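S.K.: Quick one, fold the following:
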Amino acid sequence: MSKTMEDVYAAAELLAEHDMDQAAIEAAVTSILDAVGEDSGREGLQRTPERVARMYEELLAGYRIDPVEMVNDALFDVSYDEMVLVRDIEFYSLCEHHMLPFLGRAHVAYIPRGRVIGLSKIPRIVDMFARRLQVQERMTRQIAEFICTLLNPLGAAVVIEGLHLCSMMRGVKKHDARMTTSTMIGTFRENAATRQEFLDSISRGSAPMRF
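M.R.: Numbers count the residues shown, from 1 in each chain. Just a heads-up that it's a prediction; the model follows:
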């Protein structure tokens, strides 16, 4: 494996390559149902542990996505050095503190240094990091750093806006509160005009998030 590919795999922060233990998840869900006072054997709940196990396999698939296979040679040498921006990328993730969903939009930009990536790959990168147990701050950084590892651009920027069910359904119960996080690397951090161009672009014409 080349040093470049080693860096790409390291930046993806993958877990050890093994399948989820579906039987263990089903047993744990059954225990939870019993612990809250439900009858895990009643008709409506008999297949719930199985469904939950399948759900986690989908929602947490990002740990096991092969980043090289995901990119699939969609890297192109192009003489272009202006901002590339993909905005309003929908995402769904699970808060690692309460295992409740948080969801929202990601805005991802970079300035190429002679290499660009296929348009559809940027939302896939967002999904790779979103489909894990996450905190929004870390996910924002991971996406930006992965773009930098993959493309070696002049700079990368990520802004994420999220609605967190852990603060909407429990605790402070604030339905309309949203969280915004950002990571600026390279010219986006160093050059105020570039950073402002990015921020102006993602705010222009943005529709409010609905839940």
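S.K.: What number of residues are in the vicinity of Leu33?
M.R.: The tally of other residues near Leu33 (other C-beta atoms under 10 Å) stands at 18. From N, CA and C alone the C-beta is placed, and that goes for glycine too.
S.K.: sorry, that was for Leu151
M.R.: 19.
S.K.: got a list of what the closest residue in space to it that isn't next to it in sequence touches?
M.R.: Leaving aside its sequence neighbours, Leu151 sits nearest to Arg115 (C-beta to C-beta, 6 or more residues apart in numbering; 5.3 Å). Arg115 makes contacts with 75-78, 151-153, as judged by C-beta atoms under 8 Å, 6 or more residues apart in numbering.
S.K.: Produce a PyMOL select command limited to the buried residues of these.
M.R.: Provided next is the PyMOL selection string for whichever of those are buried by 16 or more other C-beta atoms under 10 Å:
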select buried, resi 151+153
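S.K.: So what does the residue lying farthest from the centre of the chain look like in phi/psi?
M.R.: No residue in the chain sits farther from the centre than Arg42, which is 36.3 Å out by C-alpha atoms, centre = their mean. Torsion angles at Arg42 (phi, psi; degrees, to the nearest 10) stand at phi -70, psi 160.
S.K.: Enumerate the helices of the protein by residue range, in sequence order.
M.R.: Taking DSSP state H as the test, the helices found in the chain are 3-12, 22-35, 48-59, 67-71, 121-130, 136-151, 165-168, 187-190, 192-203.
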